[in-house]
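*Asks:* turn this into a structure:
(chains A and B)
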There are 2 protein chains.
Amino acid sequence: MLAVRLEKGKVLLRTSPRPAPRHGFALIRLLCGGICSTDLELLRGYYNFQGTPGHEFVGEVVAGSRHVMGNRVVGEININCSRCSWCRRGLGRHCPHSTVLGIVKHPGAFAEFLSLPEGNLHIVPPEIPLQHAVFVEPLAAACEILEQVSIPQGAEVAVLGDGKLGLLAAQVLQASGARVHLFGRYRHKLRIAEKKGVVGELRGARLPAASYDYVVEATGSHDGLAQAVAMARPRGTVVVKSTVHGAVRLDTAPLVVNEVTLVGSRCGPFPPALELLAGGRINVADMISDSFPLSEAPAAFRRAQQKGVLKVLLCDNGASFPH
Amino acid sequence: MLAVRLEKGKVLLRTSPRPAPRHGFALIRLLCGGICSTDLELLRGYYNFQGTPGHEFVGEVVAGSRHVMGNRVVGEININCSRCSWCRRGLGRHCPHSTVLGIVKHPGAFAEFLSLPEGNLHIVPPEIPLQHAVFVEPLAAACEILEQVSIPQGAEVAVLGDGKLGLLAAQVLQASGARVHLFGRYRHKLRIAEKKGVVGELRGARLPAASYDYVVEATGSHDGLAQAVAMARPRGTVVVKSTVHGAVRLDTAPLVVNEVTLVGSRCGPFPPALELLAGGRINVADMISDSFPLSEAPAAFRRAQQKGVLKVLLCDNGASFPH
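*Replies:* The predicted model follows:
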């Protein structure tokens, strides 16, 4: 089968064998994948990654039990042991024995076929278009904020960063009943969330200081954390969504003096994400910047690295869309 | 009156007028003050401070209403407006209009007399020795952890740093029902907390990774935060007590991937601190390294800056203790 491979900073296309059958695992034919910022970080050497990337996907089960066979599915990316205390508490995302699809020791979705435990799969309801379902995984990560932090109805929330994760987080929080102000640098990106009621704030160098009880840091930049802490009111909460390569600089004085809480937040639950997409609550259609067939993965990665570009899709040739 | 003054990195003694009478404020004669790490930071230029420092004290009210007159008191250090939304919510410590005794725009306690609003004062019960009462303010800061984070009975907690705040935090948490492991570099300091049931852990370069659900960072060093985050289990909580001058370096990946929560924590409530001291629950006696009369403040500050020294007291000549 055709598979993308990242190696020494390069995006390569290789022919490799299909994933071998494995008890409890389904074989999935890729319909559509999404290039995530993490994939671009992997390309730059994050996690010393080498192999097939891709963890945002929608596919069709071509081998598996009757519960999933033939269905269009998305999949949770952490492949865990299902036996440790984390797994038993329903927090398999933190299983110390886990591998991670396309990130840690499990070949990713940017290939004609991938393999995942059936327990990781969620069937995509027919009302969600194929190219929207690709957003389930990052949207679940945005939904994770609501699992970790209890935000009162009507509370003002600042989301910092109008990249993909910022746009999804802003829309999820707005849909949950918060009044979201999205701070970003691109008018056209802010408009995507504004369509769902978010207030877009085209930011300059200065951001409002000590003004929000809840701030979501989704800039993906090294300055973002300090900026988010400065925007939080005393006793406020900053949700940290960005992972950036290497260390960031943080003045702990405002954190301590203002007794701000930082909450690191990562992957999240798929069911609420599927529900939001099925209900048309999240504008993901406008977040698709481009779409390429799998065989043009190097070009797709180049496109995804351009400034101002949002989601770039990698689809099997049949499922690709005109652009 | 005699007053200590910090100016351009120097500890000076000056004669200055007593604080002027002010409505709602009591005049307090210093009995005993404690030099805090923050005072040493002020000496180094933190907050661009210049003036009379001192915010840990016990004194006698010599002018005030009948509620406080003649009593031995300790005092909360934030002098707030009592009218804003923070003050009305009982969080005057975060009042945006506040001044801070000996830190921000209010002369401190290292003088023969100081002045504070009567509402800030707490009468010290007779069973607390004078030199122990000096610890109420930093002990309240340790009690603040329990106001912010709910730690289950019997939970294992790591406290990182065997300085003054680490020793107090370890003992407060142990007294609250947690099983505390205190990580420090000095056998004689660890022993102080061990007398109250804390497990002392003489640390080397390696600290246990991902091993605690609760970690208190009280190292006062630039490396402490990253170390504390590394010690926290997935979904764990790190309470940040250290303020260090300038920025610290933090790799946000473990924070996000492990969904760790950081809680900045500062000043705390006096009543539980008084109660703990009155009940003899905290070993503060062994934390007193030295005691000087106010007139020897420069020597006292020099002593407080020596490695391995814990609390240095500054007392009026009558209340000083042999050393």
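*Asks:* hmm, residue A:269 is touching residue A:142, no?
*Replies:* No: taking contacts as Cβ atoms under 8 Å, residue A:269 lies outside contact range of residue A:142: 10.7 Å. All C-beta atoms are positioned from the backbone trio N, CA, C, and that covers glycine.
*Asks:* the two: who's more crowded?
*Replies:* The neighbour comparison of residue A:269 against residue A:142 (other Cβ atoms under 10 Å in any protein chain shown) goes to residue A:142, with 31 against 17.
*Asks:* that one: what's it in contact with?
*Replies:* A:165, A:168-169, A:171-173, A:241, A:268, A:273 (Cβ atoms under 8 Å, 6 or more residues apart in numbering or on different chains).
*Asks:* before we move on, what about residue A:131?
*Replies:* By Cβ under 8 Å, 6+ apart, the contact set of residue A:131 is A:32, A:285, A:288, A:291, A:313, A:315, A:321.
*Asks:* wait, doesn't the first one sit right on residue A:72?
*Replies:* The one in question is residue A:32. No: checked against Cβ under 8 Å, the pair residue A:32 and residue A:72 is beyond contact range at 10.0 Å.
*Asks:* closest to chain B among the contacts of residue A:142?
*Replies:* Nearest to chain B among these: residue A:241, at 7.0 Å, using Cβ to the nearest Cβ.
*Asks:* just give me the neighbour total for that closest one.
*Replies:* For residue A:241, the tally of surrounding residues (other Cβ under 10 Å) stands at 30.
*Asks:* can you pull the pLDDT of it?
*Replies:* On pLDDT, residue A:241 comes in at 93.
*Asks:* in this structure it contacts residue A:165, no?
*Replies:* Yes: using Cβ under 8 Å, residue A:241 is in contact with residue A:165, at 5.5 Å.
*Asks:* joint contacts of the two?
*Replies:* Shared contacts of residue A:241 and residue A:165, counting by Cβ under 8 Å, 6+ apart, come down to A:141-142, A:218.
*Asks:* neighbour count winner among residue A:32 and residue A:72?
*Replies:* It is residue A:32, of residue A:32 and residue A:72, that has more neighbours when counted by other Cβ under 10 Å, with 24 against 17.
*Asks:* name the nearest residue to the more buried one, ignoring sequence neighbours.
*Replies:* The spatially closest residue to residue A:32, leaving aside those adjacent along the chain, is residue A:315, at 4.4 Å (Cβ to Cβ, 6 or more residues apart in numbering or on different chains).
*Asks:* closest one of the shared contacts of residue A:241 and residue A:165 to chain B?
*Replies:* residue A:141 (10.0 Å).
*Asks:* now that closest one. Nearest residue, chain neighbours left out?
*Replies:* Excluding its sequence neighbours, the residue lying closest to residue A:141 (Cβ to Cβ, 6+ apart) is residue A:268, at 5.0 Å.
*Asks:* make sure that neighbour is indeed in a helix.
*Replies:* No: looking at residue A:268 with DSSP: H, G, I helix; E, B strand; the rest coil, it is coil, so not inside a helix.
*Asks:* ok, back up a step: what's the farthest-apart pair in the contacts of residue A:131?
*Replies:* Using Cβ to Cβ, the pair of these lying farthest apart is A:285 and A:315, separated by 15.3 Å.
*Asks:* compare these two (neighbour count), which wins?
*Replies:* Per other Cβ under 10 Å, whichever of residue A:285 and residue A:315 has more neighbours is residue A:315, with 22 against 13.
*Asks:* just give the nearest non-adjacent residue to the residue of the stretch 1-150 of chain A found nearest chain B, would you?
*Replies:* Nearest residue of the stretch 1-150 of chain A to chain B (Cβ to the nearest Cβ) works out as residue A:94 at 3.6 Å. Using Cβ to Cβ, 6+ apart and skipping residues adjacent in sequence, the residue nearest residue A:94 is residue B:234, 3.6 Å away.
*Asks:* residues from chain A in reach of chain B?
*Replies:* A:86, A:91, A:94, A:96, A:148, A:210, A:225-226, A:234-235, A:240-244, A:246-266 (Cβ under 8 Å from any Cβ of the partner chain).
*Asks:* how about 7 Å then?
*Replies:* Within chain A, the positions near chain B by Cβ under 7 Å from any Cβ of the partner chain are A:86, A:91, A:94, A:148, A:225, A:234-235, A:240, A:242-244, A:246-253, A:255-266.
*Asks:* tell me which entries of these lie within helices.
*Replies:* Judged by DSSP state H, the subset of these located in helices is A:86, A:148, A:225, A:252-253, A:255-257.
*Asks:* and which of those residues is nearest residue A:181?
*Replies:* residue A:225 (18.3 Å).
*Asks:* ok, that closest one touching residue A:240?
*Replies:* Yes: with contacts counted by Cβ atoms under 7 Å, residue A:225 reaches residue A:240, the gap being 6.4 Å.
*Asks:* could you tell me which residues touch both of those two?
*Replies:* Common neighbours of residue A:225 and residue A:240, using Cβ atoms under 7 Å, 6 or more residues apart in numbering or on different chains, are A:217, B:252.
*Asks:* which strand residues bridge the residue nearest to residue A:32?
*Replies:* residue A:32, residue A:293 (DSSP bridges).
*Asks:* just the helices in the stretch 151-300 of chain A please.
*Replies:* A:164-175, A:187-194, A:224-231, A:252-257, A:270-278, A:297-304 (DSSP state H, counting those that start in this stretch).
*Asks:* mean pLDDT lowest for which of the ones you listed?
*Replies:* Among the helices of the stretch 151-300 of chain A, helix A:252-257 carries the lowest mean pLDDT (a mean of 90).
*Asks:* residue A:117: neighbour count?
*Replies:* Residue A:117 has 18 neighbours, counted by other Cβ under 10 Å.
*Asks:* by neighbours, which of the ones in helices among the residues of chain A next to chain B wins?
*Replies:* residue A:255 (27 neighbours).
*Asks:* so that residue touches residue B:239, yeah?
*Replies:* No: here residue A:255 lies out of contact with residue B:239, judged by Cβ under 7 Å, at a distance of 11.0 Å.
*Asks:* buried stuff in stretch A:241-251?
*Replies:* Neighbour-count burial for stretch A:241-251 flags A:241-244, A:248, A:250-251 (criterion: 16 or more other Cβ atoms under 10 Å in any protein chain shown).
*Asks:* looking at those residues, which are in strands?
*Replies:* A:248, A:250-251 (DSSP state E).
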